[in-house]
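K.L.:
how would this look folded up:
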Amino acid sequence: EEEPQPESQDRLRVYSRDSWSARAPRRNIELLGRVDKITVHHSGGENFWGSSPSDAAAEIRKIQRYHQNEQGWADIGYHYIIDRNGAVWQGRRLRYQGAHARGPANNGNIGVVVLGNYMYQGLTSPQRQSLEAVLEKLCEHFSIPPQRVYTHREILGGRTECPGPALARCVSEIRTTLRRRLVAYRP
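P.N.:
Predicted coordinates:
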């Protein structure tokens, strides 16, 4: 089965799992089912300033190790990862349910994480552009209305600081842009 990949008019490049030397998922992985929402996260923890693909790949491997070894999850919890340069990386394959929003909130939910801690950092312009492109393509492909694009804090009713104020503002602005833009696509 072919996995949908976000693309924009200028073909958004998505680094494959092989490009960051992903470990294989464990057997406790579940199918995603019908997609009806997207949740945006920050990686949190220490500020991430990595500026090269090798820095990003190392950070993504670190997240996957934490998710598999410490949390006991089948794979990295997120489906897409956006680095400081705006490069988009494939996380967990889209056919599998993520482990990013806690319990039932993961059902039908695509997880997108932006590398960095947006309690303290600001987004780079390339990160913002890539986040908007990924969200737009996912909304188009899965017919997800922009109001079903959440931050982790929103989907958990305020029970987390993720994704921090800078990224939360960005997601709110992108939702507004997508509402206008996606209406134009409808026949």
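K.L.:
Run through the chain and note the low-pLDDT ranges.
P.N.:
The model of the chain has pLDDT under 70 over residues 1-11, 183-187.
K.L.:
just the helices in the chain please.
P.N.:
Residue ranges of the helices in the chain, as given by DSSP state H, are 53-65, 125-142, 152-155, 164-185.
K.L.:
Show which residues not belonging to the longest one make contact with it.
P.N.:
Counting by CB atoms under 8 Å, 6 or more residues apart in numbering, helix 164-185 makes contact with 40, 42, 44, 114, 117-123, 128, 131-132, 135-136, 139-140, 145-147, 149-151, 153, 163, all of which sit outside it. For every residue, glycine as well, the C-beta is placed using N, CA and C.
K.L.:
Now find how far off-centre stretch 172-181 is within its chain.
P.N.:
The chain centre lies 17 Å from the centre of stretch 172-181; the measure is CA atoms, centre = their mean, to the nearest Å.
K.L.:
For it, could you pull out the residues that count as buried?
P.N.:
Buried residues in stretch 172-181, defined by neighbour count with 16 or more other CB atoms under 10 Å: Ile174, Arg175, Leu178.
K.L.:
can you put those residues in a markdown table and add distance to Trp20?
P.N.:
Shown next, in a markdown table, are these (distance: CB to CB, whole Å):
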| residue | distance to Trp20 |
| --- | --- |
| Ile174 | 25 |
| Arg175 | 29 |
| Leu178 | 28 |
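K.L.:
among the contacts of helix 164-185, which ones are buried?
P.N.:
Buried subset of the contacts of helix 164-185 (neighbour count, 16+ other CB under 10 Å): 40, 42, 44, 114, 117-118, 121, 123, 128, 131-132, 135-136, 139-140, 146, 149-151, 153, 163.
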